[in-house]
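Visitor: Fold the following.
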Amino acid sequence: MRIRQIKKDYKFVPESVDAVSEEVQRFLTLLKAQKKNIIETRLSVEVILLDLMEKYGGEKGFTYSENNFLGKPYITITFEGEAFNPLEKDDEEEFGNWSSALIQNSDYTPVYSYDKGVNTIRISLSKKEVNPIIKLFVAIVAAVVFSLLRAVIPQETIEFIRVNLLDSLYNAFLGLMATIEIPLVFFSVSCGIIGIGDSTVFGKIGRKMVLRFIFVILFFTTISGMIFSMLFLDLTGDGKAGISLKVGIDMLLDIIPRNLVEPIIQGNTMQIVLMAVVIGVALVVLGSKAKTLSNIISEGNRVIVYITGVISKLLPFFIFIVILDMMWSGNIRNLINMWKPVDAFIVVVIILFILMLITVSSKEKVSAKLLMKKMLQTFLIGFGTASSVAANGECSDSLHRTMGVNKRFVEFGQPVGGVVFMPSTSINFIVCAIYMAAYYKVEVSVLWFIIAIILCTFVAIATPPVPGGAIAAYTIIFTQLGIPSDAVAIVVALDIIFDFVATAFDGAFLQLELIRQADENKMINYDVLRNDGGKR
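Guide: Numbers count the residues shown, from 1 in each chain. Here you go, the predicted model:
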């Protein structure tokens with residue numbers, strides 16, 4: 001579908017608000033966006049324009065535009081004058097503003113910027129994508145069909161194709177992901193530190209909320225890692241995956257870089273993370289004195305997330321190559337054996353969810369069955385699409401309408417949590433890391449385990465919410481933990497299964513966590529939460 005560029009001038013008057021709202025609805029309908037996203041985006045634009053109309057009246061004009069960049073649609077509202085951010089709310093000191101550095105890359109989230117006397121509000125949009133399950137199915141079927149050529153083509157020809165074509169394409173794709181992994185980690189971590197520490201971005205409640213998200217992910221990942229270690233690692237010292245104190249100490253000391261260039265040249269992820277944290281903290285301390293560099297990091301983060309999204313379009317083709325190569329080489333058994341970490345992941349996530357559900361149910365004095373009923377639609381959307389963006393509308397709506405969470409709390413917490421709060425994704429990474437360490441007999445230690453927990457936690461937070469983003473994450477984690485790169489091919493082939501489950505449960509965990517935090521901040525209506533009919 002070709003997107004027609006539109007640019008129209010208006011005045012800040014009621015008629016313009018209505019006209020632009022209609023334009024937004026028309027454009028999102030044309031993109032076949034989900035109904036809830038259409039409604040919420042239209043309402044967001046109306047609120048923004050009403051705030052601007054209240055400030056400027058009919059004296060000032062603005063420009064509404066619809067455009068796209070390399071297939072990525074977006075709308076913008078621009079107006080000249082002194083800097084004025086309508087996304088900042090009256091309770092900014094408690095929450096922060098909508099244009100947080102952590103959520104500025106999310107679809108449908110308004111982002112404010114100011115440059116050379118021009119105020120710009122931009123909302124990135126999403127076209128309706130083909131269901132990932134369909135893409136995965138087509139890739140698998142195509143690989144199976146092509147694998148049958150082995151019966152009619154000489155083995156020498158098969159080996160020639162494998163070595164000179166499939167392996168080359170596989171290495172080229174991993175090379176692309178390796179190229180972006182260093183800037184991906186650096187920009188994501190440093191941008192996150194700047195956002196959390198900047199009082200203009202996160203207020204008292206907002207900062208507490210983000211730190212709580214991180215703590216819960218770290219706790220869940222640690223518990224899960226201990227379970228997976230008992231399931232897959234041989235800690236008896238019989239040679240499979242033994243304990244080595246020296247290896248652990250070396251890994252710990254290796255975190256400290258000798259200079260600024262070495263981590264980039266060697267691709268040492270933990271050193272990059274340490275540098276990102278130090279630079280992020282320094283920029284928070286310096287504040288406005290280093291605002292230019294903070295903005296550069298923010299823009300760099302946006303660019304690298306976009307590049308990752310573009311590369312991810314090749315994911316089905318990559319899966320086709322991996323499965324076909326395994327079939328032709330007779331290594332398909334490696335893929336079949338992945339049922340073990342997949343099953344372990346699903347069981348552990350379900351257990352943790354049930355425990356959290358029971359905890360929230362007991363704390364809020366509402367039945368677990370009723371909570372599950374109110375979360376079911378969001379869960380099904382996440383599980384059916386493997387897209388957190390697709391589930392965002394229902395997640396926000398059910399939190400406010402059926403669970404009684406304060407609307408402002410939802411407006412801030414849901415988009416931030418959708419980016420930061422990824423407990424199931426982190427558990428996904430740790431089970432793959434531990435299973436592959438055992439599979440390839442990687443020598444591990446207690447410090448190896450600690451580093452794996454920290455790495456999986458923060459890589460889960462840093463991974464952009466785009467298809468294929470997990471490939472970069474696996475590459476980062478496996479490289480740092482000494483796991484052979486061959487492991488990437490195995491886990492990536494089944495990553496979509498992980499993704500469907502993780503997306504669904506991440507949304508469910510987020511709703512439970514926001515209920516808990518809303519209760520602690522006295523921003524929840526208990527009558528609505530405990531109402532079986534879900535009516536206010």
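Visitor: Identify each of the strands in this protein and give its residue range.
Guide: Along the chain, the stretches classed as strands by DSSP state E are 6-11, 61-69, 72-80, 110-115, 118-124.
Visitor: ok, how many other residues are close to Leu510?
Guide: 27 (other Cβ atoms under 10 Å). All C-beta spots, glycine's among them, are computed from the backbone N, C-alpha and C.
Visitor: That one contacts Gln414, correct?
Guide: Yes: if you go by Cβ atoms under 8 Å, Leu510 and Gln414 touch, sitting 7.2 Å apart.
Visitor: where do the contact lists of those two overlap?
Guide: Cys395 (Cβ atoms under 8 Å, 6 or more residues apart in numbering).
Visitor: quick one: contacts for Val501?
Guide: For Val501, the set of contacting residues under the criterion of Cβ under 8 Å, 6+ apart consists of Phe345, Ile346, Val349, Phe383, Ser424, Asn428.
Visitor: In JSON lines, list the strands of the chain along with distance to Lys32 and mean neighbour count.
Guide: Formatted as JSON lines, the strands of the chain follow (distance: least, Cβ to Cβ, whole Å; neighbours: other Cβ atoms under 10 Å):
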{"stretch": "strand 6-11", "distance to Lys32": "18", "mean neighbour count": "13"}
{"stretch": "strand 61-69", "distance to Lys32": "15", "mean neighbour count": "16"}
{"stretch": "strand 72-80", "distance to Lys32": "11", "mean neighbour count": "18"}
{"stretch": "strand 110-115", "distance to Lys32": "21", "mean neighbour count": "18"}
{"stretch": "strand 118-124", "distance to Lys32": "16", "mean neighbour count": "18"}
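Visitor: Of these, which shows the lowest average pLDDT?
Guide: When mean pLDDT is averaged over each of the strands of the chain, strand 110-115 scores lowest at a mean of 79.
Visitor: just checking, what packs against that one?
Guide: The contact analysis (3 or more Cβ pairs under 8 Å, 6 or more residues apart in numbering; DSSP states H and E) places strand 110-115 against strand 118-124.
Visitor: elements contacting the strand it packs on?
Guide: The elements that strand 118-124 packs onto, with contact taken as 3+ Cβ pairs under 8 Å, 6+ apart, are helix 35-56, strand 72-80, strand 110-115.
Visitor: one more time with 10 Å
Guide: Here strand 118-124 touches helix 35-56, strand 61-69, strand 72-80, strand 110-115, going by 3 or more Cβ pairs under 10 Å, 6 or more residues apart in numbering; DSSP states H and E.
Visitor: looking at those, which is closest to Ala502?
Guide: Shortest separation from Ala502 across these is recorded for helix 35-56, at 21.2 Å, computed as Cβ to Cβ.
Visitor: Strand 110-115 and that closest one, what's the angle between them?
Guide: Put simply, helix 35-56 runs at 40 degrees to strand 110-115, going by axes from the mean of the first three to the mean of the last three Cα atoms, to 10 degrees.
Visitor: list the buried ones in helix 35-56?
Guide: 36-38, 40-42, 44-45, 48-49, 51-53, 56 (16 or more other Cβ atoms under 10 Å).
Visitor: just those: which has the poorest pLDDT?
Guide: Of all the buried residues of helix 35-56, Lys36 has the smallest pLDDT value, namely 65.
Visitor: what's the least confident helix or strand in this protein, going by average pLDDT?
Guide: Each helix and strand of the chain was given a mean pLDDT (mean pLDDT, DSSP states H and E); the minimum falls on helix 245-253 at a mean of 59.
Visitor: For Asp325, give its distance to Ile319.
Guide: 11 Å (Cβ to Cβ, to the nearest Å).
Visitor: anything in contact with each of the two?
Guide: Common contacts of Asp325 and Ile319 (Cβ atoms under 10 Å, 6 or more residues apart in numbering): Ala143, Ala489.
Visitor: Val138 and Pro316 touch, don't they?
Guide: Yes: counting by Cβ atoms under 10 Å, Val138 touches Pro316, with 6.7 Å between them.
Visitor: Looking at these two, which is more packed in?
Guide: The residue with more neighbours, out of Val138 and Pro316 and counting by other Cβ under 10 Å, is Pro316; that gives 22 against 14.
Visitor: Am I right that the more buried one is in contact with Val492?
Guide: No: the pair formed by Pro316 and Val492 falls short of the contact definition of Cβ under 10 Å, at 11.3 Å.
Visitor: got a list of contacts for stretch 343-359?
Guide: 216, 219-220, 223-225, 227-228, 231-232, 368-369, 371-372, 375, 379, 423-424, 427-432, 434-435, 497-498, 501-502, 504-506, 508-509, 512-513, 516.
Visitor: Next up, the contacts around Met230.
Guide: Remark: with contacts taken as Cβ under 10 Å, 6+ apart, Met230 is in contact with Ile434.
Visitor: Look up the pLDDT of it for me, please.
Guide: Per-residue confidence at Met230 stands at 90 (pLDDT).
Visitor: again, but for Leu211
Guide: The predicted local distance difference test score for Leu211 is 83.
Visitor: Give me the number of neighbouring residues for it.
Guide: Counted with other Cβ under 10 Å, the burial measure for Leu211 works out to 13 neighbours.
Visitor: Can you pull the phi and psi angles for Asn406?
Guide: Reported as degrees, to the nearest 10, the phi and psi values for Asn406 are phi -50, psi 130.
Visitor: Does it touch Leu399 like I think?
Guide: Yes: with the criterion set as Cβ under 10 Å, Asn406 and Leu399 qualify as a contacting pair; they are 9.4 Å apart.
Visitor: Please enumerate the helices of the stretch 151-300 of the chain.
Guide: With DSSP state H, counting those that start in this stretch as the criterion, the stretch 151-300 of the chain has helices at 155-161, 167-197, 204-232, 245-253, 262-266, 269-286, 291-312.
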